[in-house]
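A.B. asks: Have a look; sequence and predicted model below, questions after that.
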Amino acid sequence: MLLLFFFTGAIPSQAAELSSPSEIVYEVNLPFDGASTYYEEVRVEEEDNKSRTTYVTVYGFEYARSGLKFGSWRNGVSGGSQITDMPLIFNHTYDISYNISFTTSVSGSYTSINKNTIGAALGVTLGATEGYSLGVGTSCVVPKGQHYTIKYRPSYYTYTVTEIKYSEAYIIGYGWHRVELGRQTSYVDKFSCWDFTTH
């Protein structure tokens with residue numbers, strides 16, 4: 001008996017601009033062990049340990065994570081059969097064929113010298129577009145005579161990053177003295193995982 005299946009793969013407009021699997025991120029870890037808030041400080045000048053009277057610049061960073069957000073749906077594989085039920089699978093084996101890119105967008109303001117500090121804390125490169133693997137993906141069985149399409153979309157968190165600039169020094173007879181010089185706030189979208197649905 002001849003079994004007839006029809007299957008639709010990626011079209012050129014869907015394909016990601018990735019030259020090799022080495023450009024794909026296969027595992028995404030949340031920063032700070034998944035905590036929703038985090039604080040760190042970075043000194044940009046070495047203090048004078050002998051006199052401790054020279055002020056040094058200190059940057060503090062407060063990170064606060066939003067609830068999970070979602071991007072637009074994208075079309076994945078589709079198919080069906082007029083003869084029999086048909087399995088439909090969409091996973092990492094399609095990483096090169098489909099658009100799996102996500103841009104770590106950043107808005108608001110921050111001091112340019114702290115771009116790498118913020119990126120390192122969140123485990124991303126600010127403003128970069130990278131490919132994120134579909135991983136184990138999803139699968140379904142298309143009933144005989146039906147046609148299904150698996151769709152996917154990126155989920156992500158927006159981190160509110162508050163940069164606080166201080167001037168700090170140790171004053172003899174007084175102790176440590178810190179003055180806040182200003183604040184800047186930026187917003188960074190960090191990829192979490194792919195979300196799937198079937199239609």
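C.D. replies: Cool, got the structure.

A.B. asks: In this protein, mark out all the strands, start to finish.
C.D. replies: 5-8, 24-25, 37-43, 56-65, 69-70, 74-81, 86-90, 101-103, 106-108, 129-132, 138-142, 147-171, 175-198 (DSSP state E).

A.B. asks: Take the ones you listed and lay them out in CSV including mean pLDDT, distance to Ile118 and mean neighbour count.
C.D. replies: Every residue, glycine included, has its C-beta placed from N, CA and C. Shown next, in CSV, are the strands of the chain (pLDDT from 0 to 100; distance: least, C-beta to C-beta, whole Å; neighbours: other C-beta atoms under 10 Å):
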stretch, mean pLDDT, distance to Ile118, mean neighbour count
strand 5-8, 38, 41, 12
strand 24-25, 75, 18, 16
strand 37-43, 85, 10, 13
strand 56-65, 93, 7, 17
strand 69-70, 98, 19, 12
strand 74-81, 97, 28, 19
strand 86-90, 97, 34, 17
strand 101-103, 97, 16, 18
strand 106-108, 97, 8, 15
strand 129-132, 96, 17, 18
strand 138-142, 97, 33, 16
strand 147-171, 94, 6, 18
strand 175-198, 94, 7, 15
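
A.B. asks: Can you lay out those strands as JSON lines showing distance to Gly123?
C.D. replies: Output for the strands of the chain, formatted as JSON lines (distance: least, C-beta to C-beta, whole Å):
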{"stretch": "strand 5-8", "distance to Gly123": "35"}
{"stretch": "strand 24-25", "distance to Gly123": "10"}
{"stretch": "strand 37-43", "distance to Gly123": "12"}
{"stretch": "strand 56-65", "distance to Gly123": "12"}
{"stretch": "strand 69-70", "distance to Gly123": "18"}
{"stretch": "strand 74-81", "distance to Gly123": "24"}
{"stretch": "strand 86-90", "distance to Gly123": "26"}
{"stretch": "strand 101-103", "distance to Gly123": "13"}
{"stretch": "strand 106-108", "distance to Gly123": "14"}
{"stretch": "strand 129-132", "distance to Gly123": "11"}
{"stretch": "strand 138-142", "distance to Gly123": "25"}
{"stretch": "strand 147-171", "distance to Gly123": "11"}
{"stretch": "strand 175-198", "distance to Gly123": "8"}
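
A.B. asks: and Thr117, which of those is closest to it?
C.D. replies: Thr117 lies closest, by C-beta to C-beta, to one member of the strands of the chain: strand 37-43, at 5.6 Å.

A.B. asks: so what does that closest one touch, helix or strand wise?
C.D. replies: Here strand 37-43 touches strand 56-65, helix 115-122, going by 3 or more C-beta pairs under 8 Å, 6 or more residues apart in numbering; DSSP states H and E.

A.B. asks: quick one, what contacts the closest residue to Leu134 other than its chain neighbours?
C.D. replies: Leaving out its chain neighbours, the residue that sits closest to Leu134 by C-beta to C-beta, 6 or more residues apart in numbering is His92, at 5.1 Å. Contacts for His92 (C-beta atoms under 8 Å, 6 or more residues apart in numbering) come out as Tyr26, Ser133, Leu134, Gly135, Val136, Gly137.
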